[in-house]
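[1] Here is a sequence together with a model predicted from it:
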Amino acid sequence: MKKGLLVLFLVTIFSVSSLFANGLSLNSIGPRALGMGGAMVGLADDPTAIYWNPAGLAGQNSSIYICGTDVIPYGTYNLEAKTKTNNYLSPNLFANYSLGKLAFGLGVFVPAGLGAEYNGDDLALLTHGTSLKWKSKIGVIDIAPSIAYKINDMLSLGLAANIFYGMFDLDKPYKANDTTYVQYTESSTGLGYGVTLGALCKLSDAIQFGLSVRTKVNVDMSGDATNPAVAAYQLPTESKFDREVAWPLWAGFGIAVKPMDNLTITADAQYSQWSKSEDTFVTKFKNEYWIQAGIEKDTLYLEWEDCTQIRIGLEYKASDKLKLRAGYYYDPAPAPDKTLTILFPSSTNNVITAGVGFCAGKFDVDFGLEYLMGKERDITVQTLHNNFGKHKLDIFAFSLAIGMGLM
């Protein structure tokens with residue numbers, strides 16, 4: 001059994017690397033959380049507590065939880081240009097080992113990403129009739145060893161280390177002169193480190209609340225860029241580069257209430273400090289010929305603003321084998337009008353969710369889905385850093401998991 005679990009664990013790690021595509025923001029980790037609107041900070045009673053609130057690992061039975069999420073965006077720009085209908089897959093693995101009051105956990109999951117891909121023919125008017133690629137991908141895989149301890153019947157504390165493997169790929173038009181655009185392409189990866197701290201307080205069998213804080217993670221990235229425009233100056237078209245990309249400080253407060261034995265109601269407020277992370281992306285080119293020609297760096301301006309999501313969820317135990325779930329959350333856009341671009345989409349979303357869980361002995365099967373209804377954004381003032389016009393983005397996501405008790 002142990003050998004089989006090790007093989008399964010390694011397969012999942014490599015699947016994360018090979019299956020992850022240009023991810024959009026993943027707001028809910030795990031199908032149970034997804035079905036309950038992501039309001040899990042105050043509940044955190046399954047292995048995905050490693051992400052939501054690591055204190056929740058204490059007191060759980062040992063288990064392994066394997067899940068996958070598919071994110072399907074539907075975006076438009078000026079009502080005519082449409083994003084490609086891609087499936088963005090995100091596999092995740094969570095495992096915890098209980099020693100009574102003490103618990104150890106390990107998560108390998110995709111907590112966040114951003115991206116978009118457009119058909120170049122739809123955007124040819126922006127590039128003087130030339131059809132070029134418009135594609136972005138920012139994503140991260142988190143490897144999170146965790147520990148939690150139940151101090152007493154009321155209070156549990158937890159800690160997760162976050163080892164981030166970041167990816168940043170970009171294809172965009174580059175303006176070579178007043179009438180000519182060429183294809184700029186880059187790809188980079190990097191590592192960063194942070195921690196998640198959590199606390200869970202059980203006031204009674206009917207009510208508990210939790211607090212979780214994830215530190216800002218700076219990922220130092222390195223990669224290769226190709227810019228055909230520099231060929232006009234008899235320069236090599238490729239250069240290595242460095243860039244720092246940061247994932248924001250995140251803090252969540254949640255409460256879970258059980259007004260009756262078969263009903264759980266949850267509510268969260270989750271804050272992301274975007275203003276201290278997504279301000280600018282500065283690309284520092286390393287080719288000495290580019291530097292001598294004055295092509296030393298390129299700056300992408302984002303100037304994102306801090307946001308707070310409000311989430312609510314419920315879980316109804318219809319029988320010993322069946323649980324029904326539903327939820328809602330409000331997800332405000334962090335990107336201001338002056339920097340909103342089609343390659344880094346950002347919309348204010350009203351999100352409805354639903355899910356179901358089945359229990360069969362040692363095995364649990366969970367399914368969840370959510371629909372993000374994006375508010376149309378009409379950018380009427382053009383700046384040097386935005387795409388003016390009408391932006392619209394809706395997202396459909398669903399997730400499936402299988403959990404198994406180990407003791």
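    That came through fine. Numbers count the residues shown, from 1 in each chain.
[2] Would you mind giving the secondary structure of the residue most central in space within the chain?
    The centroid of the chain falls nearest to A112 when counting by Cα atoms, centre = their mean (1.6 Å). Here A112 is recorded as strand under DSSP: H, G, I helix; E, B strand; the rest coil.
[3] just checking, it touches V140?
    Yes - with contact defined as Cβ atoms under 8 Å, A112 reaches V140; the gap is 5.7 Å. Placement of C-beta: from N, CA and C, glycine included.
[4] quick one: contacts of stretch 30-37?
    Applying Cβ atoms under 8 Å, 6 or more residues apart in numbering, the contact partners of stretch 30-37 are 28, 39-40, 43, 46, 48, 51-52, 65, 67, 69, 92, 94, 266, 311-315, 325-329, 351, 353-357, 366-370, 397-401.
[5] And the buried ones among these, selectable in ChimeraX?
    Selection of the buried residues among the contacts of stretch 30-37 in ChimeraX, burial being defined by 16 or more other Cβ atoms under 10 Å:
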select :28,39,40,43,46,48,51,52,65,67,69,92,94,266,311,312,313,314,315,325,326,327,328,329,351,353,354,355,356,357,366,367,368,369,370,397,398,399,401
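[6] Tell me which of the contacts of stretch 30-37 fall in strands.
    Within the contacts of stretch 30-37, residues falling in strands by DSSP state E are 65, 67, 69, 92, 94, 266, 311-315, 325-329, 351, 353-357, 366-370, 397-401.
[7] what ranges do the helices span in the protein?
    Assigned helices in the chain, in chain order: 2-19, 31-35, 49-52, 288-292 (criterion: DSSP state H).
[8] Let me see the contact set for K240.
    222-225, 285-287.
[9] Please apply the same query to E376.
    Contacts of E376 by Cβ under 8 Å, 6+ apart are 390-392.
[10] Contact partners for F344?
    Applying Cβ under 8 Å, 6+ apart to F344 gives the contacts 114, 116, 136, 302, 335.
[11] Look up the closest residue to the fourth one, ignoring the ones flanking it.
    What that stands for is L302. Computed as Cβ to Cβ, 6 or more residues apart in numbering, the closest residue to L302 that is not its neighbour in sequence is E278, at 4.6 Å.
[12] my read: that neighbour touches E244, true?
    No - using Cβ under 8 Å, E278 is not in contact with E244, being 11.7 Å away.
[13] Same drill for these two, tell me which one is more crowded.
    E278 (25 against 17; other Cβ atoms under 10 Å).
[14] Identify the residues contacting that one.
    Contacts of E278 by Cβ under 8 Å, 6+ apart are 246, 248, 302-304, 334.
[15] Repeat the analysis, applying 10 Å as the threshold.
    114, 138, 245-248, 272, 300, 302-305, 334-335, 339, 344, 346 (Cβ atoms under 10 Å, 6 or more residues apart in numbering).
[16] can you check L372 too?
    By Cβ under 10 Å, 6+ apart, the contact set of L372 is 24-25, 27, 71, 73-74, 329, 331, 347-353, 393-397.
[17] bridging residues for it?
    Beta-bridge pairing for L372 (DSSP bridges): V351, I395.
[18] any idea how far it is from Y328?
    According to Cβ to Cβ, to the nearest Å, L372 and Y328 sit 11 Å apart.
[19] Please identify every residue contacting each of those two.
    With Cβ under 10 Å, 6+ apart, L372 and Y328 have common neighbours 350-353.
[20] wait, which of those residues is closest to Q183?
    V351 (35.3 Å; Cβ to Cβ).
[21] Do you know the pLDDT at the closest one?
    In this model, V351 is scored at 95, pLDDT.
[22] same question, S18
    pLDDT, S18: 32.
[23] Once you drop chain neighbours, what's closest to A206?
    K258 (5.0 Å).
[24] Can you report how many residues lie near that neighbour?
    Counted with other Cβ under 10 Å, the neighbours of K258 add up to 16.
[25] Distance check, the residue of the chain positioned farthest from its centre against Q292.
    No residue in the chain sits farther from the centre than Q234, which is 41.2 Å out by Cα atoms, centre = their mean. Q234 sits 12 Å away from Q292, going by Cβ to Cβ.
[26] quick one: contacts for L126?
    Contacts of L126 by Cβ under 10 Å, 6+ apart are 77-78, 81, 120, 132, 134, 173, 181, 342, 387, 389.
[27] where's it relative to P259, distance?
    Counting by Cβ to Cβ, the gap from L126 to P259 is 55 Å.
[28] so where is the stretch 1-150 of the chain shaky, pLDDT-wise?
    Where the stretch 1-150 of the chain drops to pLDDT under 70, the residues are 1-27.
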